[in-house]
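Asker: model this:
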Amino acid sequence: PAFFPKTPAGDPDVAVTALNPSGQVTSATITVRLNPAVGTRQTVSLLLNELGVAAGALAHDYTFPAPARADDANPTTNTIVFAVAGVQRAKYLLRVRVDGAETDLRMTAQTYDSPMVDLS
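Answerer: Coordinates of the predicted model:
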């Protein structure tokens, strides 16, 4: 299965750019690095699950497919860029699914807490 390489600080290599909040929703670009690299014919998706939801409230979750790479000149890449739009402003657990295998979530005190992205 795929996993996130670590930054020098020990965090998963995930970057949020072009964050554009508008009312209660936002859009952004989320770039992830994966190891091993992903082939042009592999199916890749970004999964977001809302964190910190109040008791009794419904958590938001989203799945965003990566752009098709069938015509990419490079047979593999370890960098995948996702365009995320229409997402409720919040903090989210982040996973990447490659051909059905998902990156791992981390737990602290019996609660999943990373990798996390702040889209608020």
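Asker: My guess is Ile30 contacts Leu94. True?
Answerer: Yes - applying C-beta atoms under 8 Å as the test, Ile30 and Leu94 come out as touching, 7.4 Å apart. No exception for glycine: its C-beta is placed from N, CA and C like everyone else's.
Asker: so what sits against both of the two?
Answerer: Common neighbours of Ile30 and Leu94 (criterion: C-beta atoms under 8 Å, 6 or more residues apart in numbering): 14, 46, 117.
Asker: Take those and keep only those in helices.
Answerer: With helices defined by DSSP state H, no entry of the shared contacts of Ile30 and Leu94 lies inside them.
Asker: Can I get those residues in a markdown table including neighbour count and distance to Val87?
Answerer: Putting the shared contacts of Ile30 and Leu94 into a markdown table (neighbours: other C-beta atoms under 10 Å; distance: C-beta to C-beta, whole Å) gives the following:
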| residue | neighbour count | distance to Val87 |
| --- | --- | --- |
| Val14 | 19 | 15 |
| Leu46 | 23 | 11 |
| Val117 | 24 | 10 |
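Asker: Output the below-cut-off pLDDT ranges for this protein.
Answerer: When residues are selected by pLDDT under 70, those of the chain lie in 1-2, 9-11.
Asker: who touches the strand ranked longest in it?
Answerer: In the chain, assigned by DSSP state E, the strand with the most residues is strand 25-39. Around strand 25-39, the neighbours that count as contacts under C-beta under 8 Å, 6+ apart are 2-5, 12-20, 44, 46, 69, 75-89, 94, 96, 98, 103, 117, 119-120.
Asker: can you do 6 Å?
Answerer: Residues outside strand 25-39 that contact it (C-beta atoms under 6 Å, 6 or more residues apart in numbering): 2, 5, 13-20, 44, 76-82, 84-89, 96, 98, 119.
Asker: Ramachandran angles for Gly23?
Answerer: phi 70, psi -130 (degrees, to the nearest 10).
Asker: swap that for Gly100, please
Answerer: phi 90, psi -20.
Asker: repeat for the one 10 residues further on
Answerer: Backbone torsions of Gln110, given as degrees, to the nearest 10, read phi 70, psi 20.
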